[in-house]
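>>> Take this sequence and fold it.
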Amino acid sequence: MIGTKKFSYDLCGDAVNIASRMESHGLVNRIQVSEETYYLLKETYAFEDRGYLQIKGRGEMRAFLLAEK
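All right, here's what the predicted structure looks like:
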């Protein structure tokens, strides 16, 4: 928490860093998710395997794209 009169919150940590990396390595007009998110959502949504991406600070990470309709 930052501030004494008006509070401001800053999110940080591994989940925020991974989300930022997925966004910065993504494709225009496509939703890209990490492998962990894919496993949580694969029964509800269709995904395309994008393969492994070299992610700064993490090494290789597998990414998936939400399938287009």
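
>>> where does the residue nearest the centre of the chain fall, phi/psi-wise?
Most central in the chain under C-alpha atoms, centre = their mean is Ala19, positioned 3.2 Å from the mean C-alpha point. Here is the backbone geometry of Ala19 (degrees, to the nearest 10): phi -60, psi -40.

>>> who touches the lowest-mean-pLDDT helix or strand in the chain?
Here the helix or strand of the chain ranked lowest by mean pLDDT, DSSP states H and E is helix 14-24, holding a mean of 83. Helix 14-24 is contacted from outside by 32-34, 55-58, 61, 63, using C-beta atoms under 8 Å, 6 or more residues apart in numbering. C-beta: built from backbone N, CA, C; applies to glycine.

>>> just curious, which of the residues you listed is nearest to Cys12?
Nearest to Cys12, judged by C-beta to C-beta, of the contacts of helix 14-24 is Gly57 at 13.3 Å.

>>> Report how many residues lie close to the closest residue to the closest one other than its chain neighbours.
Once flanking residues are discounted, Gly57 sits nearest to Asn17: 7.0 Å by C-beta to C-beta, 6 or more residues apart in numbering. If you count neighbours by other C-beta atoms under 10 Å, Asn17 ends up with 14.

>>> still on that earlier bit, can you select the buried ones among the contacts of helix 14-24 for me in ChimeraX?
ChimeraX command restricting these to the buried ones, with burial defined by 16 or more other C-beta atoms under 10 Å:
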select :32,33,34,55,61,63
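
>>> Just the ones in strands from the contacts of helix 14-24, please.
Among the contacts of helix 14-24, the members falling in strands (DSSP state E) are 32-34, 55, 61, 63.

>>> Just flag the most distant two among these.
Farthest-apart pair in the ones in strands among the contacts of helix 14-24 is Val33 and Ile55; separation 13.1 Å (C-beta to C-beta).

>>> Go ahead and confirm Tyr52 touches Phe64.
No - contact criterion C-beta atoms under 8 Å: Tyr52 and Phe64 do not qualify, at 11.2 Å.

>>> Between these two, point out the one with more neighbours.
Phe64 (23 against 12).

>>> pretty sure the more buried one contacts Arg50?
Yes - using C-beta under 8 Å, Phe64 makes contact with Arg50 at a distance of 5.9 Å.
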